[in-house]
Structures are given as C-alpha cells and as structure tokens.
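Asker: structure for the following, please:
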Amino acid sequence: MVENIKVFTHNSIRVQNGEKAIYIDPFEMKHAPHDADYILITHDHYDHFSPADVAAVAKADTVLVVPEKMADKTDKVEGCVGKIEAIAQGETKDIDGFVIETIPAYNTLKPFHMKSAGWVGYIFEAFGKRIYVAGDTDITKEALEVKCDIALVPIGGFYTMDPKAASELINTIKPEIAIPTHFGSIVGSPEDADKFAKFVNGGTRVENILGKKSRNP
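Answerer: Now for the predicted structure:
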C-alpha cells in the first residue's frame, strides 16, 4: 500500500492508483514527470498552489481540482492542464469515475487558515483504500468524523497541528496507517515525525515516508 504513496516535501504528495497518478499540492518538484491524471489543490498558499510545479507534473489531459473560492486564481495554469474543476467544502464530486470528497480544512484559533476561505482536505479511494489528505488544518469537528484507512496529516505546528495534536486526531479516527506531512522544511523539524509516532496509539501504523521509518502497531 504505502509503496504507492510518495511525500516529496511539505504537503507535496503523489498517489499511484493502478494506471492513474494523483498529485496533491505539488511543490518544489525536482523533476518534471508530466504524468498527473489528477492534481488536487488544498488551498492557494504558495507552498500548496505552485503554478510552476503544477506545470511540472501536468500533461495535456490532466484534471486540476481546486477549492471553489480559488477558482479565479488558476489562470496561470489553464494552458498546461486539460480541465479545471472547482469543489466546495463538504462536497462529493465524481470526475470521470474518480470520486472525491472534501473536508473543510481550517484553524480553530490561529488566523492562517480561516474556515470562511473555503479550503479543503480530500478523501478519495485508491488501491481499495480510503485515503484522507488533511491539508492545512487543526483538529476540527469535521476532521474528527473522517472515516479512512490511510490518513496524511500535517504535524509541523505553527500553521497547522503539531505532533501531539495530530496524534490526537489520529487516535480518534483510527486509520490503519498514518503518514505525517508538512514538517521538516518550511515548518517543523525532521524529529517531529518521531514525536508524532510516539504519541499515536497502537493499532495504527505510522509511516514516515520522508524519513523511511515505520512503527508497527
């Protein structure tokens, strides 16, 4: 399962589902593979919506999915993707058989990601598993209700959850596998993944893809 998921840096993620490649928030890509079937953007901050990196992974028929409130900011990438789809918080959308659900992603006390901005995390199915990519969020009532098999959650703190808060979310929703993101570069340290793993209860396997570490339940 996890071999089909890559976390390049920050929240830049690639999921291989059969012959389909799904990217989330491509950022600081070292290569230009031009192999994305779908690109999902969580919000419009530069480290999540990077037109240069969208162009690096996109091909002629790529579908770009963005939160509806940032749909007017996609002009820089219109020429490098095949189609742009806008999606709202709490919406389920079927795009040519690829079904995406969105979960509101926001801060509860901090001012960096407001719920009113309409930013999202995504849930979709790949290789028979429900995958949740939380985006930049704190613990929210919507996140606590997520049902998934694999959860990719931010742990870097300051803008998002820190390792302890992220573990509280994981310990509530209880996925099979938890993968930490959003640490070790712009925010957070590489050691945050180890802190996160220590806080997560047995029964969920923590996979630090960036650090190539794992902990069995």
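Asker: for residue 153, give its distance to residue 49.
Answerer: 19 Å (Cβ to Cβ, to the nearest Å). (Glycine included, C-beta is placed from N, CA and C.)
Asker: ugh, typo on my part, it should be residue 29
Answerer: Distance from residue 29 to residue 49, by Cβ to Cβ: 13 Å.
Asker: residue 153 and residue 49: which is more packed in?
Answerer: residue 153 (29 against 24; other Cβ atoms under 10 Å).
Asker: which helix or strand contains that one?
Answerer: strand 150-154 (DSSP states H and E).
Asker: so which elements touch the helix or strand just after that strand?
Answerer: Scanning forward in sequence from strand 150-154 by DSSP H and E, the next helix or strand is helix 163-173. With contacts taken as 3 or more Cβ pairs under 8 Å, 6 or more residues apart in numbering; DSSP states H and E, helix 163-173 sits against strand 150-154, strand 177-181, helix 192-199.
Asker: so how far is the second one from its chain's centroid?
Answerer: Averaging C-alpha positions (Cα atoms, centre = their mean, to the nearest Å) puts strand 177-181 10 Å from its chain's average.
Asker: also compute the angle for that strand relative to strand 150-154, please.
Answerer: Interaxial angle of strand 177-181 relative to strand 150-154 (axes from the mean of the first three to the mean of the last three Cα atoms, to 10 degrees): 20 degrees.
Asker: so which residue is dead centre in this structure?
Answerer: residue 133 (3.5 Å; Cα atoms, centre = their mean).
Asker: tell me what it is bridged to.
Answerer: Bridge pairing for residue 133 (DSSP bridges) gives the partners residue 122, residue 152.
Asker: done for today, thanks.
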